[in-house]
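Asks: With the sequence up front, the predicted model follows.
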Amino acid sequence: MLKRSFFVSCAMLFIGGSLLGIENNNKSDAQENEFDTIIRNGTIMDGTGQSSFEADVGIRDGFIYHIGDLDEVEAQNEVDVEGKIVAPGFIDIHSHAHLEALQTATSSLTQGVTTEILSPDGGGPVDVTERYELEGDGLAINIGTYIGFNSVWQEVVGEDDRRATDQEIEEMQGLVETGLEEGAFGVSAGLFYTPANYAKTEEVIDVVKVADQWRTNFPHHIRDEMDDVVEATEETIEIGEEAGLVPVITHMKVMGADNWGASEETIGLIEDAIDRGTYAAADVYPYLASQTGLTALIPQWVQDGGFDAMLDRFADSELRPQIEAEIEEVMTSRVETAEDVYFPGEQETLADVAESEGVSPGEATMRILEEQGSLTTIYHFGHEDDYERILQHPTTAIASDGGATYSDSIHPRRYGSQPRALGQHVREEGLLSFEEAIKKMTGLPATIIGMTDRGFIAEGMVADITVFDPETIIDNAEFEDPKQYADGIEHVLVNGEFALEDGDTTNIQSGEVLQRTGNMPSRPISVDHDVSVEGAGTLRDIDGPGFSDKEVAISVEQAANDRSATGFFLFTDEEREIELEAEAVGQLQAKEGWASFTGRGTLGTGEERTFEVIVEEDDPNIEENRGTVTVTIDDEFEYQGSIPPQQMDVQIAEPEEASPESASEIKVLVEDLAGEGEFAIDEAPYFLTRHLTAVSHYEYQEEAEKVVQHMEGFKDLLNHQKDNALISDEAFDILSSQGENLIEKWQ
């Protein structure tokens, strides 16, 4: 993948300096400096979804410095976590946090959450810097924010059902762009809610397309999660494609018994978009119950003009019977009965209220709104098959739709989302592996929103880390008693500081406000591809008149499914007398024309520092047709310079098909092909997997002759299925090739 001529050019460029080729073997034989913290003997699940490994993690100054064997090194704080899982801190990309609760965030930390992204569903302040002021009161966890389409629409167009003028579209574009310039992690929307749901699809596209050059995401509470869930999903993907954003179906679900099973179509729409070249994603919370206001049952035309206008329509004796009937139509399309509409603050259902007052559920709904306002309401909905299908899709992240809280009258997802997924859906039900679930809470949400320095356990990454016991992790929150903290989360580090230690909060406020830049694109995880970035040259100041004295040489690559990258990196800044040479490289992340990697390096003085590098072949954020290189060294130094685009090269390639290592790998392949409809009857893949289970037994016993004998039988079974049209030609070819490769291995 790396070119010899490039190595020669680098050596010529840095004559007199030493370029050290890196081979990251996760060892630290010569490290003499103490760390702030060492997490010893943990089972590392690094956020990529790949297999776990045993290692120590050394942390200094808020960053991950070393991963490997640190037996010969000491630290100020040491914790032995043998038998426990060490994961990146969980990133909740859909948080409605109660803002004052972020100062302690006990409900979040006991779920392993280290970062929450605020203002989902299109809400939040139009001025996103209002969120940043929260840091002044102290934060126990990190926060970021979206810029909300709904807030922008209401600010400019108001609450009436009308079309936006060209001038208003331009004004809204300006507000969205300002939010992104100030660090928003995407443009959220909730076209389910008034008045934003008065906006036509074309108007939404016109407003949010200004975000195109930011290459960010569009997380959307779709217009209808009930009868029109398929059409609403199509609309979201259309908005993303037309505006140049990553469409994200947030808290993806299917509501209403008549619509159960529609997730096959909605997931299919995401896959179709990906096939067309548009990365699309989703997030989901692990409950078959949602929470919003009681106004979710009110038809949109009744809400036109706002809450007071709605109450005026309730008071119209001619309209009231019609509204009553339409409320019940909405209710039965959302849930099955009024028993499924629950008010946690009152601990009663809509059916209870209707019965006590001797009225219909529709009339009871209007009375509650007239007397108490739009109560917090939980709607029990959905079918397990839809939820499981959504959860298991590879581009679905796990988020809470909750966030930090003190409340005891709230949805239990505020206290139990991540532990519920890990304890119930992974350990007890086997819907996901621990590695897959952790990826959905860390690396996947990080890349969806564009983060580059969090979401993975890798050298150079920020030390946001969660340690949990896989045997005990579980949620305890219940709908009737939600304020019950989860079990199993043992330690949580936020920016390298223990925010939770031995299961108890420490009251340390080490959280920070996080901001996204234009060089942090939303993207898929690239770990399943061969990726590389290389280039060298003198950087030019972005705003300066000419070349600077800063030089860079990069040649880094990472093969598909490797835990870390290899290669070298050298940066020099003569003015500041900085020369940083890489010793180890962490994760190399890449998308077309863009790459980022972190690592650990040594300054000319011999001091160690972590670093992050972002490479743009052709940076859309600058006017010239030039690439950029951004170098950050710990929290001490950051520089961005431009470079001719031909001097940087990012490559992303599909890996060559690997030979199977075991019968169990072929078994997984059979199951995947069955899920893709490559067999005529269910019994066909069943007999193949049963046969492979027997082969696995002989592999374990290392009985090579019997492995070969039974794999020959597997081939005979494949031939029989082909002769009887029970397997597709494509699946037959794939499995025959894999079977032959395994036979060759054991022969």
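Replies: Arrived safely, thanks for sending.

Asks: When you work out contacts or count neighbours from here on, use the C-alpha atoms and nothing else.
Replies: Will do.

Asks: what's the distance between L673 and T693?
Replies: 17 Å (CA to CA, to the nearest Å).

Asks: quick one: which of the two has more around it?
Replies: Neighbour tally, L673 and T693, criterion other CA atoms under 10 Å: the higher count belongs to L673, 19 against 15.

Asks: ok, now which ones touch the more buried one?
Replies: Neighbouring residues of L673 by CA atoms under 8 Å, 6 or more residues apart in numbering: F679, A731.

Asks: same thing but at 7 Å, please
Replies: Taking CA atoms under 7 Å, 6 or more residues apart in numbering, we find L673 in contact with A731.

Asks: Sticking with it, tell me its helix or strand.
Replies: helix 663-675 (DSSP states H and E).

Asks: Next secondary structure element downstream of that helix?
Replies: Sequence order places helix 683-700 as the next helix or strand after helix 663-675, per DSSP H and E.

Asks: by contact count, what packs against that next one?
Replies: Based on contacts counted as 3 or more CA pairs under 7 Å, 6 or more residues apart in numbering; DSSP states H and E, the elements that helix 683-700 packs against are helix 663-675, helix 704-723.

Asks: Now do the same for the last one: mean pLDDT, whole number.
Replies: Predicted confidence along helix 704-723 averages 89 (mean pLDDT).

Asks: The first one too?
Replies: The average of the pLDDT scores along helix 663-675 is 86.

Asks: tell me the angle of the helix holding L673 relative to helix 704-723?
Replies: Angle of helix 663-675 versus helix 704-723, following axes from the mean of the first three to the mean of the last three CA atoms, to 10 degrees, is 10 degrees.

Asks: Extract the C-alpha trace of helix 663-675 and format it as CSV.
Replies: Taking Å, rounded to 0.1, in the frame of the first residue of the first chain, the C-alpha atoms of helix 663-675 are listed here in CSV:
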residue,chain,number,x,y,z
ALA,A,663,-16.0,-23.6,10.7
SER,A,664,-17.7,-21.0,12.9
GLU,A,665,-16.7,-18.2,10.5
ILE,A,666,-18.4,-20.1,7.7
LYS,A,667,-21.4,-20.7,9.9
VAL,A,668,-21.8,-17.0,10.4
LEU,A,669,-21.5,-16.5,6.6
VAL,A,670,-24.3,-19.1,6.1
GLU,A,671,-26.5,-17.2,8.6
ASP,A,672,-25.8,-13.9,6.8
LEU,A,673,-26.6,-15.4,3.4
ALA,A,674,-29.8,-16.8,4.9
GLY,A,675,-30.8,-13.4,6.1
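
Asks: which parts of that helix are buried?
Replies: A663, S664, I666, K667, L669, V670, E671, L673, A674 (16 or more other CA atoms under 10 Å).

Asks: Among those, find me the one that's closest to L99.
Replies: E671 (45.2 Å; CA to CA).

Asks: Skipping adjacent residues, who's closest to the closest one in space?
Replies: P685 (7.1 Å; CA to CA, 6 or more residues apart in numbering).

Asks: So which helix or strand of the chain has the lowest pLDDT on average?
Replies: None of the helices or strands of the chain scores lower by mean pLDDT, DSSP states H and E than helix 4-13, at a mean of 36.

Asks: Break down the stretch 551-700 of the chain into its strands, ranges please.
Replies: Under the criterion DSSP state E, counting those that start in this stretch, the stretch 551-700 of the chain contains strands at 566-573, 578-591, 594-603, 608-616, 627-633, 637-643, 648-653.

Asks: for the shortest one, packing partners?
Replies: Here strand 648-653 touches strand 530-541, going by 3+ CA pairs under 7 Å, 6+ apart.

Asks: CA atoms only for the strand it packs on - export them in CSV, please.
Replies: Only the C-alpha atoms of strand 530-541 are listed here, as CSV (Å, rounded to 0.1, in the frame of the first residue of the first chain):
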residue,chain,number,x,y,z
ASP,A,530,-7.6,-1.0,4.0
VAL,A,531,-6.8,2.7,4.5
SER,A,532,-3.7,4.8,4.1
VAL,A,533,-2.6,8.4,4.1
GLU,A,534,0.7,9.7,2.9
GLY,A,535,2.3,13.0,1.8
ALA,A,536,5.0,15.5,2.6
GLY,A,537,5.7,19.1,2.2
THR,A,538,6.0,22.6,3.6
LEU,A,539,2.7,24.0,5.0
ARG,A,540,1.4,27.4,4.2
ASP,A,541,-0.4,29.5,6.8
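
Asks: Between strand 648-653 and that strand, find me the angle.
Replies: Using the same axes, to 10 degrees: strand 530-541 against strand 648-653 is 170 degrees.

Asks: quick one: contacts of strand 530-541?
Replies: 10, 546-548, 550-560, 590, 595, 641-643, 647-655.

Asks: sorry, back to before: after the least confident helix or strand of the chain comes which helix or strand?
Replies: Counting by DSSP H and E, the next helix or strand C-terminal to helix 4-13 is strand 35-44.

Asks: how far does that following strand sit from the chain's center?
Replies: Offset of strand 35-44 from its chain centre (CA atoms, centre = their mean, to the nearest Å): 24 Å.

Asks: residues contacting Q418?
Replies: Contacts of Q418 (CA under 7 Å, 6+ apart): Q111.

Asks: What's the per-residue pLDDT of it here?
Replies: pLDDT, Q418: 98.

Asks: Over to the one 10 residues further on?
Replies: Each residue has a pLDDT score; the one for E428 is 94.

Asks: How many residues are close by it?
Replies: By other CA under 10 Å, 12 other residues sit near E428.

Asks: Could you give the secondary structure assignment for G136?
Replies: helix (DSSP: H, G, I helix; E, B strand; the rest coil).

Asks: if I look at it, how far off is N142?
Replies: Distance from G136 to N142, by CA to CA: 13 Å.
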